[in-house]
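Asker: model the structure of this input:
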Amino acid sequence: MKRSEVNRILAEADAFIRSFGYRLPPFAYWTPAEMKARRGEISGIVEARLGWDITDYGRGDFGGLGLFLFTLRNGNAADLTRGKGMLYAEKAMISRRDQLSPMHRHNIKAEDIINRGGGTLALKLYASAPDGSIDKEAPVVVPTDGVMCRFEPGGILRLSPGESVTLMPGVWHAFWAEDADVFIGEVSTVNDDVTDNVFAEPVSRFSKIEEDEEPTHLLVSDYERWLG
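Answerer: Numbering: from 1, shown residues only. Prediction:
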């Protein structure tokens, strides 16, 4: 992706989120220079990978295959083994109309996916086979706002604004917006986008950025290179 495209998507996403009366935290609007100047006091942001995240999954077609995310809070994976501490994470996401987030599952993370507003959010669901692959014969059962729902393999769950689904580790899912763009909330156990995403087909979770202009704000995938 070109940095100019990333900058445009950031501005559009912020306006879309604000249209629902939702506000991102102050650090969302810091410039790269401000983040560098405050590097000594923002280890909690950098190490937890809080902030802007845009991906086209390495395919170069953000409108067709992509996702906008902003990680608002995130605990430490080591706390999960201890059984105490900050064991949770939260994201704000935007799925654009007919924009696919490809089929994947998580080894550790359980997550609530919430339609916070906009169009209909559609999720295609599969259970995992014993070896972790997609089980195309077994049904999948998921809680939707506390109500257990059963789907045949590859069944599609549609969430209207205000509705949510809980996806436990191992549940394969792909999702997209129908009718209109969707503002999505994600509440989960500790999030690790580097190691805990298992995709059905080879994709890149983080996009390679072509620097055709200066960044408005840094992405979480920029932190190591820009901030150390």
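Asker: what does the biggest helix by length in the chain rub up against?
Answerer: Criterion DSSP state H: the longest helix present in the chain is helix 3-18. Under the contact criterion C-beta atoms under 8 Å, 6 or more residues apart in numbering, helix 3-18 has outside partners 23-24, 28, 52, 54, 62, 68, 70, 92, 94, 181, 183, 209-217, 219. For glycine as for every other residue, the C-beta is placed from the backbone atoms N, C-alpha and C.
Asker: buried ones in the next helix or strand after that helix?
Answerer: Downstream of helix 3-18, the first helix or strand assigned by DSSP states H and E is helix 32-37. Residues of helix 32-37 classed as buried: M35 (neighbour count, 16 or more other C-beta atoms under 10 Å).
Asker: avg pLDDT for the next helix or strand after helix 32-37?
Answerer: Per DSSP H and E, the first helix or strand lying C-terminal to helix 32-37 is helix 43-48. Across helix 43-48, pLDDT averages out at 97.
Asker: so the next helix-or-strand element following helix 43-48 versus helix 3-18, what angle?
Answerer: Sequence-wise, the next helix or strand downstream of helix 43-48 (DSSP H and E) is strand 51-55. Using axes from the mean of the first three to the mean of the last three C-alpha atoms, to 10 degrees, one finds that strand 51-55 and helix 3-18 are set 120 degrees apart in direction.
Asker: who are the packing partners of the lowest-mean-pLDDT helix or strand in the chain?
Answerer: Lowest on mean pLDDT, DSSP states H and E among the helices and strands of the chain sits helix 77-82, with a mean of 90. Applying 3 or more C-beta pairs under 8 Å, 6 or more residues apart in numbering; DSSP states H and E, we find helix 77-82 packed against no helix or strand.
Asker: give me that answer again for 10 Å
Answerer: Here helix 77-82 touches strand 172-189, going by 3 or more C-beta pairs under 10 Å, 6 or more residues apart in numbering; DSSP states H and E.
Asker: so for the strand it packs on, what's the average pLDDT?
Answerer: The model assigns strand 172-189 a mean pLDDT of 98.
Asker: grab the nearest non-local neighbour of the residue nearest the centre of the chain.
Answerer: Geometric centre of the chain, nearest residue: L69, 4.9 Å, by C-alpha atoms, centre = their mean. Once flanking residues are discounted, L69 sits nearest to D53: 4.1 Å by C-beta to C-beta, 6 or more residues apart in numbering.
Asker: next one: V182
Answerer: Nearest non-adjacent residue to V182 (C-beta to C-beta, 6+ apart): G118, at 4.2 Å.
Asker: tell me who's in contact with that neighbour.
Answerer: 16, 19-20, 94-97, 160-161, 177-184 (C-beta atoms under 10 Å, 6 or more residues apart in numbering).
Asker: distance check, it against A37.
Answerer: Using C-beta to C-beta, to the nearest Å, G118 is found at 36 Å from A37.
Asker: check H173 too.
Answerer: According to C-beta to C-beta, H173 stands 40 Å off from A37.
Asker: same question for G155.
Answerer: 50 Å.
Asker: what's the neighbour count on A138?
Answerer: For A138, the neighbour count with other C-beta atoms under 10 Å is 13.
Asker: what's the pLDDT at it?
Answerer: The predicted local confidence for A138 is 98.
Asker: now it: closest residue in space, sequence neighbours ignored.
Answerer: Closest to A138 by C-beta to C-beta, 6+ apart is A127, at 4.6 Å.
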